[in-house]
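> Make a model of this:
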Amino acid sequence: MRLSIYSNGKKHMQDLVDVGKQIYETEKVLNAMKRPLDAEEQKTAAQIRTLITHAREALKNDDLDGARVLSAKAHALLLELCKESRRNSGHKPKLRPI
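Prediction:
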């Protein structure tokens, strides 16, 4: 029984680390975008930042599932923003899929 509790706790900690990394990487790529964003892209960037903020709050409140969902939404929006950015500038920001 103790092994199971330890194993579950270890997995939970790894999940927290993984979600934290995804939040960090999403924000890092968003902040690295150098070209000016049009109005629609600015709205998307603001949504991403809001989702990142809420994901961090969820992690602080030990809501791993909520943080994971919010982080995944932010990441998905960032992927769309990067696709649009590539279409407009030809630049390929470094972003790996989750």
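
> which other residues reach the helix or strand where residue 42 lies?
For residue 42, the element it lies in under DSSP states H and E is helix 39-60. Helix 39-60 is contacted from outside by 16, 19-20, 23, 26-27, 30, 33, 37, 64, 66-67, 70-71, 73-74, 77-78, 80-81, 84-85, using C-beta atoms under 8 Å, 6 or more residues apart in numbering. For the C-beta atoms, the positions are set from N, CA and C on the backbone; glycine is no exception.

> how about 10 Å then?
16, 19-20, 22-24, 26-27, 29-31, 33, 35-38, 63-78, 80-81, 84-85, 88 (C-beta atoms under 10 Å, 6 or more residues apart in numbering).

> pLDDT (mean, whole number) over it?
Within the predicted structure, the mean pLDDT of helix 39-60 is 96.

> Equivalent analysis for stretch 22-34, please.
On average, stretch 22-34 scores 95.
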